[in-house]
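Colleague: What follows is a protein structure lacking sequence information:
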Ligand code: ADP
């Protein structure tokens, strides 16, 4: 099949969270399964890597891009996705994308995303690339299913193209004031824009949900949860009415990037049978963090966007209490909400020998924390899929998670009676729930046989994309068949 992907993030070029990892891994897995994949991403001013591999495409240069009253021009550059992947098409349009971050809070943010969709479809036309599937991600590309039918509907190139929209996080919907109809130049499609959020507004994501041929989200539990008022962010009614058009397909792990056996970013490799390398990773992590050696104490790792979604509010009292009572080390990596950053900063000031907070984005350190920690804390309030708990399982780092979304689907509670289970899962999103989980984890830590069993159970899990991609192929087949 010919597949056109659109994503605001594609790792390793541009990534702020799971979207980047997943878009890249899916593209790679689809290409490996024999499909012809082209993936579109803006040429951001702050691409993390790849500048030396990107080349211009001669016949895709200086193409006019009209956005309402705004005239832009874009040029396509391309590079292969590292790790044997398909071609990534970078949309170069400096006035929109030459900025120091992937996302911006500027007035033209909706234009930046809408422009990616238009540029992708215009490029398909110029390349004569007729996709069987147009697979787009999150609100950023939410207008694509509609534009495919309206603005680009005249072109027979797209006559057979079916659209798929994947929700990576329903909390972000791209709801914008109606004036953007004019700013983006959507007058011709205005009647089909969806806006349940209130008068005078429309939503990129909601519009996509209405017009896509199929909608997927990234775990089975999350697919159910978003149909409830508690987690539907106002769109649960629409999602409930979708019936079979809405599907949960769990994310996988890019094992080229995340495997303790051959991860070049960690100080020592290890396997489930021989965990001695993990002990070295732990020692080095504590050394790097400037914390006192563990001497039998466990290390709890956290790598996360600092957002209220991630549930760290529950830690405000639970972690200091635990640190007062137990010997443990905590290494935290993340940035975002100043209130949460302030909490972890305060924690490291109060326990300078035992807590370290790296307030930044650092991919290599994320790998070293996964490898060097004994436990990984992810108390998310909601979690569409979550990747770090899966990385943790594969790295023998026992996840402590709240039973929600993808966390509920990927981590099972350890039962000392049967020796089955991979982590600690708490049901109630309360301080008491988290406290129970942390204390349970520490109790198991003191029983090395159980601990090792739990680690090995986790390391034996299969989250490979080779399996996951079959579900996308089945969906594509159904749509085009
Ligand atoms: P979300 O997409 O909600 O942020 P996920 O668990 O799906 O959550 O994906 C998060 C991804 O971003 C993981 O690959 C994680 O390692 C990475 N990540 C998050 N914060 C940081 C950070 N500060 N430094 C490095 N990687 C990070």
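Modeller: Structure's in. What do you need? From a predicted model like this one, the values you see are computed outputs, not experimental measurements.
Colleague: give me phi/psi at the nearest residue to residue 150 once chain neighbours are set aside?
Modeller: Leaving aside its chain neighbours, residue 150 sits nearest to residue 189 (4.3 Å; criterion: Cβ to Cβ, 6 or more residues apart in numbering). C-beta here means a position set from N, CA and C on the backbone, and glycine is covered the same way. Per-residue torsions, residue 189: phi -110, psi 10 (degrees, to the nearest 10).
Colleague: my guess is residue 189 meets residue 153, correct?
Modeller: No - the criterion here is Cβ atoms under 8 Å, and residue 189 misses it with residue 153 at 9.8 Å.
Colleague: Give me the more crowded residue out of these two.
Modeller: It is residue 189, of residue 189 and residue 153, that has more neighbours when counted by other Cβ atoms under 10 Å, with 19 against 13.
Colleague: Quick check: residues of the protein near the ligand?
Modeller: 17-19, 21, 303-305, 333-335, 361-363, 366, 385-388 (Cβ under 6 Å from any ligand atom).
Colleague: Please flag which of these sit within strands.
Modeller: 303-305, 333-335 (DSSP state E).
Colleague: Name only those of these that count as buried.
Modeller: Taking 16 or more other Cβ atoms under 10 Å as the criterion, what is buried in these is 303-304, 333-335.
Colleague: Looking at those, which is nearest residue 223?
Modeller: Distance to residue 223 across those (Cβ to Cβ) is lowest for residue 304, with 22.9 Å.
Colleague: who's in contact with that closest one?
Modeller: Residue 304 makes contact with 310, 312, 333-334, 378, 388 under the criterion Cβ atoms under 8 Å, 6 or more residues apart in numbering.
Colleague: shaky segments in this structure?
Modeller: Nowhere does the chain drop to pLDDT under 70.
Colleague: How is it divided into domains?
Modeller: 2-252+465-480, 276-459 (automatic domain parsing).
Colleague: Quick check: phi and psi at the residue in the stretch 151-300 of the chain that the ligand sits nearest to.
Modeller: In the stretch 151-300 of the chain, the residue that lies nearest the ligand is residue 169 (6.1 Å; Cβ to the nearest ligand atom). Main-chain dihedrals, residue 169, degrees, to the nearest 10: phi -160, psi 110.
Colleague: Compute the distance between it and residue 386, please.
Modeller: 11 Å (Cβ to Cβ, to the nearest Å).
Colleague: Look at these two and report which has more neighbours.
Modeller: A count of neighbours by other Cβ under 10 Å puts residue 386 above the other of residue 169 and residue 386, at 29 against 23.
Colleague: Test my guess that residue 36 contacts residue 4.
Modeller: No - in this structure residue 36 lies outside contact range of residue 4 using Cβ under 8 Å: 9.5 Å.
Colleague: Those two: who's more crowded?
Modeller: residue 4 (26 against 15).
Colleague: and for stretch 432-447, what are the contacting residues?
Modeller: Counting by Cβ under 8 Å, 6+ apart, residues outside stretch 432-447 touching it are 298, 311, 314-315, 318, 321-322, 326, 328, 374-375, 377, 379, 398, 400, 402, 414, 416, 424-427, 450-451, 454.
Colleague: Going by neighbour count, list what's buried in it.
Modeller: 433-438, 440-442, 444-445.
Colleague: could I get those as TSV with secondary structure?
Modeller: TSV is the format used below for the buried residues of stretch 432-447 (DSSP: H, G, I helix; E, B strand; the rest coil):
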residue	secondary structure
433	helix
434	helix
435	helix
436	helix
437	helix
438	helix
440	helix
441	helix
442	helix
444	helix
445	helix
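Colleague: Most widely separated two among those residues?
Modeller: 433 and 445 (18.9 Å).
Colleague: Quick one: end-to-end distance for stretch 155-172.
Modeller: 31 Å (Cα to Cα, to the nearest Å).
Colleague: So the closest residue to residue 30 other than its chain neighbours versus residue 16, what's the distance?
Modeller: Excluding its sequence neighbours, the residue lying closest to residue 30 (Cβ to Cβ, 6+ apart) is residue 37, at 5.0 Å. Per Cβ to Cβ, residue 37 is found 22 Å from residue 16.
Colleague: Comparing these two, which residue is more hemmed in?
Modeller: residue 37 (26 against 15).
Colleague: Is the more buried one bridged to anything, and to what?
Modeller: Beta-bridge pairing for residue 37 (DSSP bridges): residue 3.
Colleague: isn't it right up against residue 27?
Modeller: Yes - between residue 37 and residue 27 there is a contact at 5.3 Å, judged by Cβ under 8 Å.
Colleague: Between these two, which contacts overlap?
Modeller: By Cβ under 8 Å, 6+ apart, the residues touching both residue 37 and residue 27 are 5, 86.
Colleague: Could you pull out the strands in the stretch 151-300 of the chain for me?
Modeller: 162-167, 175-177, 201-203, 214-217, 246-248, 299-306 (DSSP state E, counting those that start in this stretch).
Colleague: swap in the stretch 351-481 of the chain?
Modeller: 355-358, 375-378, 398-402, 424-426.
Colleague: quick revisit: list phi and psi for the nearest residue to the residue of the stretch 151-300 of the chain closest to the ligand once chain neighbours are set aside.
Modeller: Among residues not flanking residue 169 along the chain, residue 384 sits closest, at 5.3 Å (Cβ to Cβ, 6+ apart). With angles defined as degrees, to the nearest 10, residue 384 sits at phi -50, psi -50.
Colleague: Residue 218 is in contact with residue 384, correct?
Modeller: Yes - judged on Cβ under 8 Å, residue 384 makes contact with residue 218 at a distance of 4.9 Å.
Colleague: host element of residue 79?
Modeller: strand 70-80 (DSSP states H and E).
Colleague: any residues touching that strand, and which ones?
Modeller: 13, 43, 50, 53-57, 60-66, 86-93, 95-96, 111, 115, 119, 123, 183.
Colleague: Would you list the buried entries among those?
Modeller: Buried among these by 16+ other Cβ under 10 Å: 13, 43, 50, 54, 57, 60, 63, 65, 86-93, 96, 111, 115, 119, 123, 183.
Colleague: Among those, which ones are in strands?
Modeller: Per DSSP E, the buried ones among the contacts of strand 70-80 map to strands at 63, 65, 87-92.
Colleague: Out of these, the closest to residue 205 would be?
Modeller: residue 91 (20.6 Å).
Colleague: Look up the closest residue to the closest one, ignoring the ones flanking it.
Modeller: Leaving aside its sequence neighbours, residue 91 sits nearest to residue 119 (Cβ to Cβ, 6+ apart; 4.3 Å).
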